[in-house]
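In: Just a sequence and a predicted model for now, questions to come.
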Amino acid sequence: MVETFDENNTSATRGTRPEYQRLVAAIRSGRITAVVFWEQDRYSRSVRETEDLLDMAQKFGVRAASSSGGEIDLTSPTGRYNTTMAGAAARKETEQMSKRLRRAFDQKAAAGLPHGAPPYGWKRVKEVDRSGAVVESHDLLDEAQAQVIRDAVTMLRGGTSLRATAIALNERGLFSPRLSHKDADGGRHPLPWASITLKQVLLRARNAGLRTHRGVVLEGVTGEWPPIFDVDTHHWLVTTLNDPRRQTNKGSTRKHLLTGIAICGRCGSNAIVVNVGRIGTNGKHQPPAYVCQTCTRIRRKQSDVDAVVEEVLIAILERPGALDHLVTGNADDVARAHKAKVDAEANMEFAADQFGHHRWTAAQVARVNAIAMPEIAEAEAVIAANQPAALPVHLAGPNAKANWYETATLDEKRTLIRALVTVKIMPVGPGRSFDRSLIEIRPLRPEISQPRLRADGVRGDVPPRRSGH
């Protein structure tokens with residue numbers, strides 16, 4: 001025996017077969033002159049590969065044998081005919097098996113039964129008979145994993161970004177379903193959450209008890225497993241996480257309250273960054289300050305600016321219904337958009353049915369789709385624009401101050417600042433002490449009643465104005 005070519009875990013009908021290709025190369029090089037396989041259909045289930053074997057027998061004199069039937073005649077007309085028919089029969093059996101499997105999978109999907117191993121969030125419970133044979137199995141929630149998914153949804157609804165949510169879960173020691181490569185001891189351990197992994201888990205229709213088949217959610221079919229959350233939450237996640245307007249910058253995590261948010265009052269740039277502290281001309285270490293990267297003429301002590309902005313935001317959040325106007329969309333627009341989307345999708349389905357019954361041509365279907373698809377896209381854009389804003393609404397109310405300082409994450413604070421106000425740091429002459437009135441904070445919407453901040457710290461419920469300097 002020259003060499004063994006083992007392809008136990010490779011399909012003979014799909015994808016590439018690296019070991020088979022090595023075998024063919026060895027035959028063509030003359031290194032191998034005879035091939036022994038268990039059965040012919042283990043060598044090939046393709047008529048094309050069977051023909052290749054016959055061609056190599058004729059060209060290179062290779063001989064073949066099976067372990068159960070002895071040598072296979074590849075030279076005589078009768079032997080070549082029998083070999084070709086055996087290859088065709090193997091191909092027919094493969095196609096029939098695939099058809100049976102597809103039918104079984106279709107029936108399983110229509111019944112709402114799960115397929116494959118239970119994914120993250122569930123565990124499979126098997127019932128066995130006295131002999132130990134499995135007679136029934138069903139999926140139950142893995143409560144710990146399911147709660148991780150619910151916690152992630154809560155953070156996203158509260159305004160936390162997908163990346164910050166993944167980081168927060170990792171910091172709590174709640175890792176993803178992905179496993180590492182085997183270590184020196186052969187073990188594998190869970191990997192930390194990455195944004196893309198978390199997004200994939202959250203977008204699964206299965207989470208809401210919906211059954212998918214060949215990438216499509218089956219209408220009217222409920223999965224035979226307990227859902228992690230409701231269908232409305234699933235639709236919200238799909239709309240939110242697939243919104244092209246979402247920021248996808250994978251840069252460093254923000255570490256300061258106003259970087260990239262505050263505007264320079266001198267040049268209008270939002271390239272405000274934090275200088276973590278420099279050595280002054282007197283040799284003393286100066287505290288961290290917000291500075292403008294563009295004109296370099298604005299510099300304010302970070303803690304003083306943050307204190308002014310936080311006081312304004314807390315005062316806004318303490319008012320009843322402070323965020324109501326930001327978390328509701330136009331219900332009439334959404335209803336009209338939903339109807340337009342359903343109508344357009346119905347037109348496409350009708351066209352597909354007509355084509356399937358040979359009543360319409362492909363060109364007619366294409367014309368319907370060309371009209372319907374832009375209508376669907378426009379309707380989805382309207383629906384997305386009127387979705388409730390992903391704001392940390394739980395921070396608002398009479399306990400806003402305690403919530404801000406004790407429970408709010410930096411990401412949530414930054415989300416609220418972006419949604420409610422603009423912050424402009426105005427210029428000031430050299431040598432002057434910090435002036436609160438030169439931190440100009442204006443509401444983004446007229447519904448937001450914002451307290452006025454004066455240099456003496458007194459608040460009044462009127463829009464702020466910038467004092468002279």
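Out: Nice, I can see it. Only a predicted model underlies this, so the values are computations on that prediction, with no experimental measurement involved.
In: what separates residue 235 from residue 204, distance-wise?
Out: 13 Å (Cβ to Cβ, to the nearest Å). Using the backbone N, CA and C atoms, a C-beta is placed for each residue, glycine as well.
In: neighbour-wise, which of these two wins?
Out: For residue 235 and residue 204, the more surrounded residue by other Cβ atoms under 10 Å is residue 204, and the numbers stand at 17 against 13.
In: pull the longest helix from the protein.
Out: helix 77-110 (DSSP state H).
In: Flag every buried residue along that one.
Out: Of all the residues in helix 77-110, those buried under the rule 16 or more other Cβ atoms under 10 Å are 80, 83, 86, 87, 90, 91, 94, 109.
In: pLDDT and distance to residue 24 added to those, as TSV?
Out: Converted to TSV, those look like this (pLDDT from 0 to 100; distance: Cβ to Cβ, whole Å):
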residue	pLDDT	distance to residue 24
80	78	18
83	76	16
86	77	19
87	72	15
90	73	18
91	75	19
94	74	20
109	81	39
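In: As TSV, those with distance to residue 374 would be great.
Out: Output for those, formatted as TSV (distance: Cβ to Cβ, whole Å):
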residue	distance to residue 374
80	58
83	56
86	54
87	49
90	48
91	44
94	43
109	31
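In: So which residues of this protein form helices?
Out: Under DSSP H, the chain gives helices at 18-29, 40-43, 47-60, 77-110, 143-157, 162-171, 195-202, 231-241, 302-317, 331-356, 362-385, 400-406, 410-420.
In: Could you dump those helices into a markdown table and include distance to residue 440?
Out: Formatted as a markdown table, these follow (distance: least, Cβ to Cβ, whole Å):
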| stretch | distance to residue 440 |
| --- | --- |
| helix 18-29 | 67 |
| helix 40-43 | 78 |
| helix 47-60 | 75 |
| helix 77-110 | 59 |
| helix 143-157 | 31 |
| helix 162-171 | 28 |
| helix 195-202 | 35 |
| helix 231-241 | 32 |
| helix 302-317 | 10 |
| helix 331-356 | 34 |
| helix 362-385 | 29 |
| helix 400-406 | 21 |
| helix 410-420 | 14 |
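In: comparing those helices, which gets the lowest mean pLDDT score?
Out: Mean pLDDT is lowest for helix 40-43 out of the helices of the chain, coming in at a mean of 64.
In: picking up where we left off before, which strands and helices sit next to the longest helix of the chain?
Out: Applying 3 or more Cβ pairs under 8 Å, 6 or more residues apart in numbering; DSSP states H and E, one finds that helix 77-110 makes contact with helix 40-43, helix 47-60, strand 210-213, strand 216-222.
In: now that helix against strand 216-222, angle please.
Out: 50 degrees (axes from the mean of the first three to the mean of the last three Cα atoms, to 10 degrees).
In: on that earlier part again, most tightly surrounded among the helices and strands packed on helix 77-110?
Out: Scoring the helices and strands packed on helix 77-110 by mean neighbour count under mean count of other Cβ atoms under 10 Å gives helix 40-43 as the most buried, with a mean of 20.
In: re earlier: can you add distance to residue 307 and give the helices and strands packed on helix 77-110 back as a markdown table?
Out: A markdown table is the format used below for those (distance: least, Cβ to Cβ, whole Å):
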| stretch | distance to residue 307 |
| --- | --- |
| helix 40-43 | 76 |
| helix 47-60 | 76 |
| strand 210-213 | 48 |
| strand 216-222 | 50 |
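In: contacting residues for residue 212?
Out: 109, 205, 206, 218 (Cβ atoms under 8 Å, 6 or more residues apart in numbering).
In: I'd like those written out as a markdown table, with distance to residue 124 added.
Out: As requested, those are exported to a markdown table (distance: Cβ to Cβ, whole Å):
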| residue | distance to residue 124 |
| --- | --- |
| 109 | 18 |
| 205 | 19 |
| 206 | 13 |
| 218 | 21 |
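In: and which of the residues you listed is nearest residue 383?
Out: Checking the contacts of residue 212 against residue 383 with Cβ to Cβ, the nearest one is residue 205 at 17.8 Å.
In: give the contact list for that closest one.
Out: Applying Cβ under 8 Å, 6+ apart, the residues near residue 205 are 211, 212, 217, 234.
In: State the distance from residue 163 to residue 82.
Out: 63 Å.
In: what sits against residue 307?
Out: Residue 307 neighbours (Cβ under 8 Å, 6+ apart): none.
In: Give me the neighbour count for the closest residue to residue 33 other than its chain neighbours.
Out: Leaving out its chain neighbours, the residue that sits closest to residue 33 by Cβ to Cβ, 6 or more residues apart in numbering is residue 62, at 5.8 Å. Neighbour count of residue 62, defined by other Cβ under 10 Å: 20.
In: what about residue 62, distance to residue 49?
Out: Applying Cβ to Cβ to residue 62 and residue 49 gives a distance of 14 Å.
In: same deal with residue 269?
Out: 66 Å.
In: got it, and residue 36?
Out: Per Cβ to Cβ, residue 36 is found 17 Å from residue 49.
In: cool, residue 289 as well?
Out: 72 Å.
In: which one of the buried residues of helix 77-110 sits closest to residue 335?
Out: residue 109 (31.5 Å).
In: Next up, the contacts around that closest one.
Out: 115, 211, 212, 213, 218, 221.
In: so residue 120 makes contact with residue 201?
Out: Yes - between residue 120 and residue 201 there is a contact at 5.9 Å, judged by Cβ atoms under 8 Å.
In: Those two: which has the busier surroundings?
Out: residue 201 (22 against 18).
In: Spit out the contact partners of that one.
Out: 120, 121, 149, 176, 177, 207.
In: okay, among the residues you listed, which ones form the most distant pair?
Out: 176 and 207 (15.2 Å).
In: Which one of these two is surrounded by more residues?
Out: Counted by other Cβ under 10 Å, residue 176 and residue 207 do not tie: residue 207 has more neighbours, with 26 against 19.
In: any idea how far the more buried one is from residue 47?
Out: From residue 207 to residue 47 the distance is 44 Å (Cβ to Cβ).
In: Tell me the pLDDT of residue 248.
Out: 50.
In: repeat for residue 326
Out: 67.
In: do residue 176 as well
Out: 92.
In: Make sure it is actually in contact with residue 195.
Out: No - using Cβ under 8 Å, residue 176 makes no contact with residue 195, being 10.7 Å away.
In: The residue nearest to residue 175 when sequence neighbours are not counted: neighbour count?
Out: In this structure, residue 175 finds its nearest non-sequential neighbour in residue 190, 3.8 Å apart by Cβ to Cβ, 6+ apart. By other Cβ under 10 Å, the residues close to residue 190 number 14.
In: who's in contact with residue 190?
Out: Applying Cβ under 8 Å, 6+ apart, the residues contacting residue 190 are 175, 176, 177, 178, 179, 180.
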